[in-house]
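**Q** Make a model of this:
(4 chains)
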There are 4 protein chains.
Amino acid sequence: MTITDNLILLFTETRQYTETLCKPLELEDYVIQPELDVSPPKWHLGHTTWFYEEFILKHHKPNYKLFHKDFAFAFNSYYEGIGKRIVRSARGNMSRPSVAHVYDYRHYVTNELKDLLKGNISEEIKNLLLMGVHHEKQHQELLMTDIKFILGNNPFQPKYNDTFIENTIEDIEQKWISIEEGIYEIGHENPKTFHYDNEVNRHKVYLHNYAISNKLVTNGEYLNFINAGGYKDFNFWHMEGWEWVKQQQPNHPMYWHNVDDKWHHYTLQGLQALDMDAPVKHISYFEAFAYAQWSGFRLPTEFEWEAANTKFKWGQRWEWTESAYLPYPNYKKAEGAIGEYNGKFMVNQKVLRGGSVVTPVNHTRPTYRNFFHAQLRWQFTGIRLAK
Amino acid sequence: MTITDNLILLFTETRQYTETLCKPLELEDYVIQPELDVSPPKWHLGHTTWFYEEFILKHHKPNYKLFHKDFAFAFNSYYEGIGKRIVRSARGNMSRPSVAHVYDYRHYVTNELKDLLKGNISEEIKNLLLMGVHHEKQHQELLMTDIKFILGNNPFQPKYNDTFIENTIEDIEQKWISIEEGIYEIGHENPKTFHYDNEVNRHKVYLHNYAISNKLVTNGEYLNFINAGGYKDFNFWHMEGWEWVKQQQPNHPMYWHNVDDKWHHYTLQGLQALDMDAPVKHISYFEAFAYAQWSGFRLPTEFEWEAANTKFKWGQRWEWTESAYLPYPNYKKAEGAIGEYNGKFMVNQKVLRGGSVVTPVNHTRPTYRNFFHAQLRWQFTGIRLAK
Amino acid sequence: MTITDNLILLFTETRQYTETLCKPLELEDYVIQPELDVSPPKWHLGHTTWFYEEFILKHHKPNYKLFHKDFAFAFNSYYEGIGKRIVRSARGNMSRPSVAHVYDYRHYVTNELKDLLKGNISEEIKNLLLMGVHHEKQHQELLMTDIKFILGNNPFQPKYNDTFIENTIEDIEQKWISIEEGIYEIGHENPKTFHYDNEVNRHKVYLHNYAISNKLVTNGEYLNFINAGGYKDFNFWHMEGWEWVKQQQPNHPMYWHNVDDKWHHYTLQGLQALDMDAPVKHISYFEAFAYAQWSGFRLPTEFEWEAANTKFKWGQRWEWTESAYLPYPNYKKAEGAIGEYNGKFMVNQKVLRGGSVVTPVNHTRPTYRNFFHAQLRWQFTGIRLAK
Amino acid sequence: MTITDNLILLFTETRQYTETLCKPLELEDYVIQPELDVSPPKWHLGHTTWFYEEFILKHHKPNYKLFHKDFAFAFNSYYEGIGKRIVRSARGNMSRPSVAHVYDYRHYVTNELKDLLKGNISEEIKNLLLMGVHHEKQHQELLMTDIKFILGNNPFQPKYNDTFIENTIEDIEQKWISIEEGIYEIGHENPKTFHYDNEVNRHKVYLHNYAISNKLVTNGEYLNFINAGGYKDFNFWHMEGWEWVKQQQPNHPMYWHNVDDKWHHYTLQGLQALDMDAPVKHISYFEAFAYAQWSGFRLPTEFEWEAANTKFKWGQRWEWTESAYLPYPNYKKAEGAIGEYNGKFMVNQKVLRGGSVVTPVNHTRPTYRNFFHAQLRWQFTGIRLAK
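**A** Prediction:
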C-alpha cells in the first residue's frame, strides 16, 4: 500500500470506529449534557465531522458544497478564528439537528473526503487529514468518558455494554525505579511522524536523582487514605484543593458508591464491587496530590515521567503529574485556526501523561501531553508516585 | 351515559390528547431542558402518569404493582410529602428512562386505571381522578409552551407543524367597558363542579368605578411602546422590572426577531412576519405593567377582571393582572400531598386570568387563577388594560 | 408659633436627632456595610442631607452652591431620575468622604435650609420640607436597624448603649377581637395632614367576619414552634420559604444565640437572656407565615389590621401582614423624582403595619404602609395572628 | 552590635515602619475591603501582630497573657492549623476592634517581644522572629497595594501623599542580553541567610540559548498594543484570558483613566498624566502574555530571569514570568502551621520575580519567588520580554 492508501484506510477505520462506539447507546443518550464539561455524543459526532469540513473540504475541494450552512455554528468547539458558535453550556439544549441528521452529515463528509482523496493530494492536505484523524481519536476518548458520565450519573445507572473492561490488575510487586541525575532529552523526536505542536521542540532538561513507582496506586491503597481521614485533614491539600473539598464535599473517587456498607463503583459494565487490587481512577489532581502527601511521596514531573517511561507499563490511566501545562522552549503554534489547538490552553492546567483504557489504539505515545484543570475527575485518571 | 362513563371517557380522551400533542416531535425533542422553567416533554408524559399512580393506584387499587420503583424519584415535581425527587434543574440530564419506556409507563398506568374504573368506585376516587385529569390538562398547556421554547430557541428554529394557529385578530373597535361601583361576588360558585382550592371560598369584594378594555393590546400597539423608547425609560418600570431590563436586556417580546429590518416572530408554524393587529404575547408582568404605565392606563385587578369577564371575549392569552396571588378568605388547603397543589405558591407571584390558545378545551373558566413569577415570558401571556 | 415656626422646629429637631442616634458609635462603625441591605451610618447621614439639597435647595434657593459636586453620586439612593449613583453594594467600599466631611455637609445643608426658611416660603417648599423630614425619620429607623446589624454581627458583639429598651412585655391575657362583616374605609383620611402617596386614595373594602389577636406572639410561643420542629417540616412553609430554609438554614430568629444551652439574644444593650414573655422579633415573613400555619391561625390582611387597629396596642414591632404591597384604587404617583418614592416598589413585597421600638415619634400612623421582601429579618418585625 | 542587637533593631524598625506607612491615612481608610483580595489596613496591622503572638509569644514566653482571646479569630489569615478564623470576604465587615484598639494590640505585642528579647533567646526563637519580620515586610508591600486600591477606587480619588514616587524612567536604550545554553544553578545559595522554603533547594536547570530585555515594557509601548486592537483580537490571548477579557472588559491597565481624550493614571500622588516612558504597571498575567504575543516575543521563565538577573536592573515592578508556581526538587515544607506559608499555594498561580516600588528595603532578592493568580492586577506588576 502507498502512504496515501494507508492514510485512507486509517481515515476510514477512524470514522467507522467512532460510530461503533455509539452502537450501544439509546437515541436519547446522544442528546444530553449533564455537566458543562460533558458534551452530548451527538455533538462529538458532528464536531469531528465539521473539523474535516472546515479545515479541508471548504478550502481544498473545488466546488465543495457545505452540508448545511448553520452546522458550523452548532459544531465549532472553541475556534475563535472561524466565526460564531453556540456557547458550550448550550450544547445539550439543542434537540436539532437530529441524530439521524448528524449521521447524514458524517456520511456526506466522509464520502466527500474519500472523493477528494482519489486524486493527487498535497502534503498539506495529508497533514491536515492526519490531524483530523488524530483529532477524531482524541474525541473518541472524550466520547467514551462523556458516555460514562451520562450513563453513570443517571439515577437508573444503565450499563454501556457487558464487555468493556476498565480495570486490569497490575499483578506485580510495587518497586521504586531509580533514575540517575543528569541531562535528559524531552519531547517528540521525529519531526516526520505525527505529533502535536505541544510535544516539540525536543529539548534538554536537567533531572536530579529520583525514583518512580513501577505500579499505579490501587483502590485498596486509596481506600486506606480515605479511612485515615484523608478528606478531612487540610494538611494534605493545596489551599484551592481544600476549598474544593469544602465546597464539593467529595469523600471518595467519582463513581464510587457505598451500598450496604460495601464499596462499589459504576463501570461501563454497570455497578460492580470495587476491586481493591485494581488501579484507582476518576480522581482529581487535588486528590492525587493529597494522596501523595499523605503517603509521604510525591507526584512525578512530566519530565521525570517521560525519562523513565520505558521502565514501567502504562496506558490504563491517565497519570497526573506535578507539572503545569506550559510551552516547551521555542514553542511555535501553527498558523491560522489550527494554531488554537493547544497553545491557548497553556495556563492553569496540569499535565497528564500516559493514556487510558478508552484511549484509541495508536493515539498515545511517550511524549503525548494531555492536560486538564486540577479539579476534573470525569477522565480515567490515576496516580503514579515518585520520590 | 352515567357519570362514571363520562369520567372514563374524559380520562381516556385526556390521556390520548397528551400523546397527540407530542406526535409532531422528533424523539430528541422529548429529552432536553434548555431552561430551568422548561421541562422535557418526556418528563410531562411521565409526571402526569405518576400523578395517577401515586395518588390513586398506589392507595386504592388492591395489589397494584408499581411500574418501576424509581419512577417516583424521576417524575415527582414538587410534592415534598411524597419523598425524594430529582432536582428540577436536572430533568434534562436524564436520557433514561427512554421515551419508549415512558410511553410503556403511560399505557400501563392508563390500563390499570381503566381496570380500576370497571368496578364500583368511591366518590373519593372519582374526585381524585377528576383532579388527575385536570392536572394533566394543565400539563398539556405547559407541554405546548415548553415545546415552543425547545423548538423556538433552537438555532435551526424548526416548526412544530403547519396548522397550529397562535394568533387571531380581534376584529372589533377598542372600547372601554364601564363597571359600576359596588359589592361583587368573586370565586367559584358551585361546590359540585370541578375547581381548584384557590378559587374558593366565593366571597364579596367592593369594587370602585372602573372601565376595562374589550380588546387585548396588539403587536402594533406594543411596537409603538418599543419605538417610543419604552425599554429605555425607567419611569415606566418597577424597580425590580428595571433591574431585569438592565440585566436581561430585552428589547421586545420573547420570540420576536428583527430580520432585515422587519419584525418577525417565531410561532408553532415557524418564523412568520409579525401581524400588527394580532394580540401581543410572550411578555412578562414587568413588560405588561410598563406598557400600561406608558399608555396612561393600568392593568385590572383579578377581581375587576372576573366581575367584567362576561362582557368581553377572552381565551387567547393569559392576561396579567395587578393582583398578587393570595388566598381567598377562609382558604383551606386540601389534606395530604394534594394540599401542595396551590397554597404553597402564594407568595411573590402575580395572578393571570383567562386562558390561552394552548389551554385545552374545558380547562379554564371565569374563576380560574393562573399564577407566574413577574419575569416569566414563556407562556402565551397578553395585556388587557383598565382605567 | 406659626405653621412655619413649627416646621422649622420639627426640621431642626429631626436633624439633631439623627446625630444624637449616632453618638454612641465609634468612628469605624459609620463606614461598613456588612450586608447588601445594610447601609453604613455615614451613608444615612449623607443621604438624608442630600435629599434636602437635591429636592429643595438646588431648585428653590437662589444662588445655592452645592457643597460638593460629587456628593450626589455618593448619596443618591435609588432615584434614577437624578443621575448616576454608586451601586448599592459599594456603599461600604468608600472610606471617603470621611465622617467629619459628611458632618460638615450636614451642617452646611441644615444652615442653608434654615436660611431659606427665614424668608417667605411657598406651599410647595413647605411640602417638600415636610417630605424631607419624614424621609429623614424613616432613615432614623433604618439607621438604628443597620447599627444593630453592624454591632450585632460583629464577632465581639459590642453594645450600642446601656439604656435602649427593645422589649416590653404585653402584660395582658391573649384574646381574640371579633370584627363584623361589612364595608370598611381604608386609607388616609385627611389630605392636609402628612402621608405618603401609597396611603391614599381612601377607599372601601369589604371584609368578612374575622378575629384578630390583642397581643403579639411572644418569644416563648415562638420557641414552642421551634421545639415542635417548625423549621424542619415543609408543610408549614411556602415553597419559596422552604427553599430559603434549606439554603440559609435558619433555626431561630435573627440575633438569637444558644449559649450553654440557654437562649439569648443580642440587643442594643448587648447579649441578654431571652425573655420568654416579650414579643418575638427579627423574623422574616416566611417565618411569620410558617408560625401562623403551625399555630392553626393566619396573618391578618393589611385591611383587617387597619380596620381593627384601634382595638389593640401596637408600635413595638412591625407586623407582617398577608397582603402584598399594591397600589390603592386610583393611586397616582407624584411628578418627577419624588414619584420614585413608593410606586416602583409595588411588586414582590409584603406589607407591614404598625411601627417599632426604633420608629421615631410621630412617624407612624394607622394607615402607614411599610413593605419588605419576604425573606428580610433585620427589621424589628413581629407577628400578630388572625383567624 | 551582636546578632541579637541587630535583630532587635530590625524588629523595632519594621514594627515602626508599618505604622509610618499608615500615617497619611484617615481613620476611615483603615476599615474597608472594597474587593475580596484587598484587606483593610487595620487588618494588616493586626495580622502582622498576631503572627508574633501566635508563633512566638504564646509558645515561648513564660506566663504570656493573650491581649484578647478573640483576636486570633479576627486576625488569622489562612492558617487552618490554628483554629477558626473570620472568612476572608468579611474582613471589611468588622468595625471592631477599633483602630485604636488594634494599635494598642500592636504596642502590647511589640513590648512583650522586646521584653522576651532581653533574655537569652534560642536559635529557634531567632528564626521565628526573623520569619515574623519578613512576614511583616511582605505585608508592608500588601498594605501599600491595598491602600492604593482603597484610595484609587474611591470616586473622589484622594491621594496618599505628595511624595511617593511610583515611576522611574529607565533611561537606557532597549537591548537584548544573550545568555548561553547550559546548566545553571537556581535557588537560594546560603542556608544561613534568610529565605523562604520555596527558594530552596538550590538545584540545576538546563537552559537553552535565550535573550532577555535589559528594560521593562513602557506605558507608551503598551499603548501601542492597545491602539493596535490588542484587547480585541483573541489570537493574542489564552482561552482563559480571553474569557476574562469578555467578562471584565478591560481596555487598559488598572488605574488608567481617559480624561478628555488624554491618558492619565491614578498614583499614590493622585491622578497624573501618563508618562509614556515609564514602565507599565498594574497588568494581569493574561495581559502580559497577550502583550508578549502581540510583540512577537515572550515572557521569560523564572529560571531564565534568575540566571540573567545580574545583567539588568530590577526592583520597580514585579515581573510576570511564564513559570507556574511549583516546588523545587526535594522541596520540604516546614513543620506545623508555619508550613502553610508557601507550599499550599503551589497550584494555578504564576511566578513573579523582582520586586516593586512598594517592596520594603532588603525584602527581595534574586531568588525571591512571588506568586499570584493570572488575572490579578492590583500589584505593581510589569513586563520584561525574552526571546
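
**Q** Strands along chain A, start to end?
**A** Taking DSSP state E, the strands of chain A run over residues A:176-179, A:182-186, A:203-207, A:210-213, A:256-259, A:262-267, A:270-273, A:318-324, A:350-354, A:370-372, A:381-382.

**Q** Please tabulate the ones you listed in TSV and include mean neighbour count as additional columns.
**A** Yep, even glycine has a C-beta here, placed from its N, CA and C like the rest. Shown next, in TSV, are these (neighbours: other CB atoms under 10 Å in any protein chain shown):
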stretch	mean neighbour count
strand A:176-179	14
strand A:182-186	15
strand A:203-207	19
strand A:210-213	20
strand A:256-259	14
strand A:262-267	18
strand A:270-273	13
strand A:318-324	26
strand A:350-354	25
strand A:370-372	22
strand A:381-382	26
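
**Q** Of all those strands, which one is nearest chain D?
**A** Closest approach to chain D among those (CB to the nearest CB): strand A:318-324, 3.2 Å.

**Q** Give me the contact list for that closest one.
**A** The contact list for strand A:318-324 (CB atoms under 8 Å, 6 or more residues apart in numbering or on different chains) reads A:216, A:283, A:285, A:288-289, A:298-305, A:348-356, A:370, A:379-384, D:324, D:326-327.

**Q** could I get it in CSV with only the CA atoms?
**A** Taking Å, rounded to 0.1, in the frame of the first residue of the first chain, the C-alpha atoms of strand A:318-324 are listed here in CSV:
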residue,chain,number,x,y,z
TRP,A,318,-4.0,9.0,32.5
GLU,A,319,-1.5,9.8,35.2
TRP,A,320,-1.5,13.3,36.9
THR,A,321,1.9,14.9,37.1
GLU,A,322,3.2,17.8,39.2
SER,A,323,3.9,19.8,36.0
ALA,A,324,1.9,22.7,34.9
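
**Q** from the contacts of strand A:318-324, which ones fall inside helices?
**A** If you go by DSSP state H, these have A:285, A:288, A:289, A:302, A:303, A:304, A:305 in helices.

**Q** you'd agree the fourth one is up against residue A:349?
**A** Spelled out, that is residue A:302. No. The pair residue A:302 and residue A:349 fails to qualify as a contact (CB atoms under 8 Å) at a distance of 11.9 Å.

**Q** When these two are compared, which one has more neighbours?
**A** residue A:302 (26 against 21; other CB atoms under 10 Å in any protein chain shown).

**Q** related to what we said a few turns ago, for PyMOL, write the select line for the buried members of the ones in helices among the contacts of strand A:318-324.
**A** Selection of buried members from these for PyMOL, criterion 16 or more other CB atoms under 10 Å in any protein chain shown:
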select buried, chain A and resi 285+288+289+302+303+304+305
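
**Q** what bridges to the nearest residue to residue A:166 once chain neighbours are set aside?
**A** With CB to CB, 6 or more residues apart in numbering or on different chains as the criterion, residue A:166 has its nearest non-adjacent residue at 4.8 Å, and that residue is residue A:267. Note on residue A:267: beta-bridge partners by DSSP bridges are residue A:270.

**Q** Residues of the stretch 251-387 of chain A that sit close to chain D?
**A** Within the stretch 251-387 of chain A, the residues that sit near chain D (CB under 8 Å from any CB of the partner chain) are A:285-286, A:289, A:322-324, A:326-327, A:329-330, A:339, A:344-348, A:350, A:374.

**Q** let's see 6 Å
**A** A:324, A:329, A:344, A:345, A:347, A:348, A:374 (CB under 6 Å from any CB of the partner chain).

**Q** Next, count neighbours for whichever residue of chain A sits closest to chain C.
**A** In chain A, the residue that lies nearest chain C is residue A:247 (14.7 Å; CB to the nearest CB). For residue A:247, the neighbour count with other CB under 10 Å is 9.

**Q** Now do the same contact list for it.
**A** Listed by CB atoms under 6 Å, 6 or more residues apart in numbering or on different chains, the contact set of residue A:247 is empty.

**Q** How about residue A:206?
**A** Contact analysis of residue A:206 by CB under 6 Å, 6+ apart lists A:183, D:183, D:204, D:205, D:206.

**Q** How about residue A:22, nearest residue that isn't a chain neighbour?
**A** Spatial nearest neighbour of residue A:22, chain neighbours left out: residue A:41 (5.9 Å); criterion: CB to CB, 6+ apart.

**Q** thought that neighbour was touching residue A:28?
**A** No. The criterion here is CB atoms under 6 Å, and residue A:41 misses it with residue A:28 at 10.5 Å.

**Q** What is the most widely separated pair among the contacts of residue A:206?
**A** A:183 and D:205 (10.5 Å; CB to CB).

**Q** contact partners of stretch A:368-375?
**A** Stretch A:368-375 has contacts (CB under 6 Å, 6+ apart) with A:198, A:244, A:284, A:285, A:286, A:318, A:325, A:349, A:350, A:351, A:352, D:347.
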